[in-house]
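A.B. asks: give me a model of this one.
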Amino acid sequence: MAVARDTRLVVGCCVMKERSWRAMQEFVDRLPSAQRYCSDQLAVYQELIWPPNSEHVVSIGKEETYTIESLNADLRTYLGRLKRRSRCFSRCWQALARAIRMFVWHYNRRRRLILAHPKYRNGLPLCF
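C.D. replies: Here you go, the predicted model:
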């Protein structure tokens, strides 16, 4: 997943069976252009070809990736098929991709409403 830090909207999402260079490069190529990209210390991120006139920052700890980490926690909380201590896992990649797309749609819908009306910040559930 890719998140815009200023709005916290999900701007890119892809379900991959493996994090190979080719699959990750295709994902990066589809992302909207930005001046700065932040990632964790996974080796494949450092090998990717990022867009020209942009900066790629490798985060030490979670100082640059806390937004996506909180989104990943929400994803595991709300999607039963991704809970760590559950037997409810996806056997079909297409079903998992559909579930994640639906989560992203609801998440972005909620974020847009909060950005437009900040009074809903603390009281609006994810699925409304």
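
A.B. asks: how far off centre is the lowest-mean-pLDDT helix or strand in the chain?
C.D. replies: Ranking every helix and strand in the chain by mean pLDDT, DSSP states H and E puts helix 66-78 at the bottom, with a mean of 87. How far helix 66-78 lies from its chain's middle: 8 Å, per Cα atoms, centre = their mean, to the nearest Å.

A.B. asks: ok, Glu47 - how many residues close by?
C.D. replies: 10 (other Cβ atoms under 10 Å). C-beta here means a position set from N, CA and C on the backbone, and glycine is covered the same way.

A.B. asks: show me the shaky parts of the protein.
C.D. replies: Residues of the chain meeting the criterion pLDDT under 70: 83-90, 126-128.

A.B. asks: at 90 what do you get?
C.D. replies: Along the chain, the model assigns pLDDT under 90 to residues 5-6, 15-19, 33, 40-42, 58-97, 99, 117-128.

A.B. asks: all helices of it, in order?
C.D. replies: 21-30, 43-47, 66-78, 93-116 (DSSP state H).
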